[in-house]
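>>> Predicted model and sequence follow; I will ask about them next.
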Amino acid sequence: MKYIVIIYHSKTGRTRTFAEELERYLKTKETEVIKTDLEDFKDVMLENAGYIFFGCWTHGLFLIMQHPDKEWKEFAEKMHGKLEVKTALFTTYKFLTGSMFKNMIKYLNNKFDKPTLYLKSKNTNLSEKDKLKIDEFLK
């Protein structure tokens with residue numbers, strides 16, 4: 001099995017905590033997992049990736065105009081080339097995620113396969129429902 005890369009951006013630590021929870025679960029699937037924040041990411045990390053999980057916190061007004069923050073947008077726009085890997089998106093939020101995933105896709109600009117898994121967490125925990133979705137995604 002090709003390995004899994006988790007790339008995230010966290011402002012307060014909530015998204016990092018969710019990425020860590022995701023990493024713990026993915027490691028139970030007997031596969032290599034590389035978890036990194038935007039600042040430590042290196043292109044070489046994607047060389048043999050079969051799956052990528054992109055995560056960031058939900059930025060915007062309380063109930064409308066949710067979007068990735070400036071750092072995540074700039075990172076996504078600078079990523080290179082088209083990679084054919086299964087892609088997932090995740091976010092943490094306080095109230096609503098709204099158009100968050102749509103905006104993440106916009107900034108990734110077709111550089112990866114269209115995401116087929118979307119995860120969101122208000123409490124930074126990975127739910128049993130999320131785990132079932134991940135299992136299906138990894139097939």
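Ah, there it is.
>>> ok, residues contacting stretch 131-139?
By C-beta atoms under 8 Å, 6 or more residues apart in numbering, the residues outside stretch 131-139 that reach it are 22, 25, 26, 29, 51, 86, 88, 116, 117, 119. Using the backbone N, CA and C atoms, a C-beta is placed for each residue, glycine as well.
>>> pretty sure the fourth one is in a strand, no?
No: according to DSSP: H, G, I helix; E, B strand; the rest coil, residue 29 belongs to no strand; its state is coil.
>>> contacting residues for it?
Going by C-beta under 8 Å, 6+ apart, residue 29 touches 135, 138.
>>> cool, and the fifth one?
Under the criterion of C-beta under 8 Å, 6+ apart, the neighbours of residue 51 are 2, 3, 4, 5, 85, 86, 87, 88, 137, 138.
>>> hang on, the earlier thing: so which of the contacts of stretch 131-139 sit within helices?
22, 25, 26 (DSSP state H).
>>> partner strands of the single longest strand found in the chain, parallel or antiparallel?
If you go by DSSP state E, the chain has its longest strand at strand 49-57. Neighbouring strands of strand 49-57 in its sheet, by DSSP bridges, are strand 3-9 (parallel), strand 86-92 (parallel).
>>> pLDDT averaged over the first one, what's the number?
Yep, that's strand 3-9 we're talking about. Across strand 3-9, the average pLDDT comes to 97.
>>> Could you do the last one as well?
Here strand 86-92 scores 95 as its mean pLDDT.
>>> What count of nearby residues applies to the closest residue to residue 127 other than its chain neighbours?
The shortest distance from residue 127 to any non-neighbouring residue, by C-beta to C-beta, 6 or more residues apart in numbering, is to residue 121 (7.8 Å). Residue 121 is flanked by 21 other residues according to other C-beta atoms under 10 Å.
>>> just residue 72 next, same as before
Quick note: residue 72 (other C-beta under 10 Å) scores 26 neighbours.
>>> show me what contacts it?
Listed by C-beta under 8 Å, 6+ apart, the contact set of residue 72 reads 9, 38, 56, 104, 107.
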